[in-house]
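Q: predicted coordinates and the sequence they were generated for:
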Amino acid sequence: MPGHRSAELGEKPIAKLLVQQAVPASVGILVMSLNILVDTIFVGNWIGAIAIAAINVVLPVSFFIAALGMAIGIGGSSIISRALGSDDKAKALKTFGNQITLTLILSVGLVIPGLYFMNELIPAFGGKGDIFEPAKIYYTIVLYGVPFLALCMMGNNVIRAEGKPRFAMIAMIIPSVGNLILDYILIYQLDMGMEGAAWATSASYVLCCGYVFWFFISKNSELKIDLSHFRLDRPIIKEMSSLGTVTLSRQAVVSVTYLLMNNILFDLGGEDSVAVYAIIGRMLMFALFPVLGVTQGFLPIAGFNYGAEKYERVRKSINTAILYSCGLGLLVFLGIMFFAEDIVKIFTDNASVVEETPSAMRWVFAATPIVAIQLIGAAYFQAIGKAVPAFLLTLSRQGFVFIPLILILPYYFGEIGVWASFPIADVISTIITAYFLNREIVKTLK
């Protein structure tokens, strides 16, 4: 029965369940990452390396607003998973209705000032020199579609919380495929340049939103809400906000990181160095898809079983998720080490960018085999509703370690200091997370 699929999260063998949850999540992330990757390749080859840098400048602003939807989705989904696990359907429905209301209010509320202050925001995020004009074109159009993306991000996490990973996967595939088709038509066939790239992206968000809406009104979803569920409920908003703040803070730190990296690299090496970072950023999104897929698959399993007080299953899910994701991280590491030069040449033929990027990419991915421990550890605390440790551990890598490093090391070592900051931050944050995760397992999951 579709309405009882969520109960499987507390019954099936953990290894089988994790694969069942992680594979669709990984495929969805892969397709979404491929979309970003191929989109960058199209833009780089059909418009130019400056266009790649321009898109990289816009991403922090649009992604931060979209991250509101993701934050509300993950925060609310943690509540929904535990509510379904403890058979509290009323709380699950009320939470979902509040998620929709909050996502609409916040995303639209941020897009308006984002458009009004774009001439100040674009240079602040590194859109200087020749990058400014193409960045402004892309920024203006993409922001129109960002509220739809926020709704997609929110809805996708709720779909996964219901135990329907296949539908969540499709929700990520639709905009990716749509964007690539529209890229080909608008950029290559109609020669619309940056405008074509931007309209293709915004239209893909609308397509995704349409599919998510269809899922929840169809018989596939067990969350059938009515108008009363849309009224904001203070206790639910408080709990959702405390958990969602983890995700939002992480994306806020990512946006600050982009701001700092774009400006530091522009000062050190100009537009080409910003383009190098843009390519590496796309590879980070793409290459880590299996590790992120395991993390996404782990969340509803841990949350449901914790809510059902099946602590042995929670412990097993942690161990299995770490084992799988570290193994996948090792494969990603080996692929980058051996094929960095070949990867870069796919994006651009700019000689300077092609020469500089492989070495930088190897630095950035140097600690990939262990970074999964940090991701799973932080995700665990979020899944079980412990907002403070989830918040601190999520921010430990980029906020507390990485940002100070990129402010200090380039002063002494130049660009190599920028790239070396990545693995150093990964190692330090992984050690911190492993300590607190182990302490939590010993203390709570007896």
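A: Received the coordinates, thanks.

Q: so who does F333 touch?
A: F333 sits next to 365-366, 368-369 when contact means C-beta atoms under 8 Å, 6 or more residues apart in numbering. In short, each C-beta sits where N, CA and C put it, glycine included.

Q: save the residues you listed as CSV, and put in secondary structure and pLDDT too.
A: Formatted as CSV, the contacts of F333 follow (DSSP: H, G, I helix; E, B strand; the rest coil; pLDDT from 0 to 100):
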residue, secondary structure, pLDDT
F365, coil, 95
A366, coil, 94
T368, helix, 93
P369, helix, 92
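
Q: give the residue spans of the chain that score low on pLDDT.
A: Residues of the chain that meet the criterion pLDDT under 70 lie in 1-7, 28-29, 32-36, 246, 446.

Q: pretty sure N350 sits against A275.
A: Yes. Counting by C-beta atoms under 8 Å, N350 does reach A275; the two are 7.0 Å apart.

Q: okay, and the common contacts of those two?
A: In contact with both N350 and A275: A49, using C-beta under 8 Å, 6+ apart.

Q: who's more crowded, the two?
A: Just comparing N350 and A275: by other C-beta atoms under 10 Å the higher neighbour count belongs to A275, 29 against 20.

Q: next SSE downstream of the helix or strand in which the more buried one is found?
A: Take DSSP states H and E as the rule and A275 turns out to sit in helix 234-287. Counting by DSSP H and E, the next helix or strand C-terminal to helix 234-287 is helix 289-307.

Q: following that next one in sequence, what is the next regular element?
A: helix 311-347.

Q: any buried residues in that next one, and which?
A: 313-318, 320-322, 324-326, 328-329, 332-333, 336, 340, 343-344, 347 (16 or more other C-beta atoms under 10 Å).

Q: and the angle from it to helix 289-307?
A: Put simply, helix 311-347 runs at 160 degrees to helix 289-307, going by axes from the mean of the first three to the mean of the last three C-alpha atoms, to 10 degrees.

Q: report the angle between helix 311-347 and helix 234-287.
A: Angle of helix 311-347 versus helix 234-287, following the same axes, to 10 degrees, is 40 degrees.

Q: i'd like the first residue to be 30 from this point on
A: Sure thing, new numbering starts at 30, so read that last one as helix 340-376.

Q: ok, then the element right after helix 340-376?
A: By DSSP H and E, the next helix or strand past helix 340-376 is helix 380-393.

Q: and that following helix, how far from the chain's centre?
A: Remark: helix 380-393 is offset 24 Å from the chain centroid, using C-alpha atoms, centre = their mean, to the nearest Å.

Q: same check on stretch 226-237?
A: In terms of C-alpha atoms, centre = their mean, the gap separating the centre of stretch 226-237 from the centre of its chain is 18 Å.

Q: contacts for it?
A: Stretch 226-237 has contacts (C-beta under 8 Å, 6+ apart) with 64, 68, 71-72, 76, 80, 84, 166-167, 169-171, 173-175, 177-178, 181, 200-201, 203-205, 207-208, 211-212, 214-216, 221.

Q: any chance of the contacts of F362 in CSV, plus distance to D116 and neighbour count?
A: Below are the contacts of F362 laid out as CSV (distance: C-beta to C-beta, whole Å; neighbours: other C-beta atoms under 10 Å):
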residue, distance to D116, neighbour count
F394, 44, 26
A395, 46, 18
T397, 40, 26
P398, 40, 20
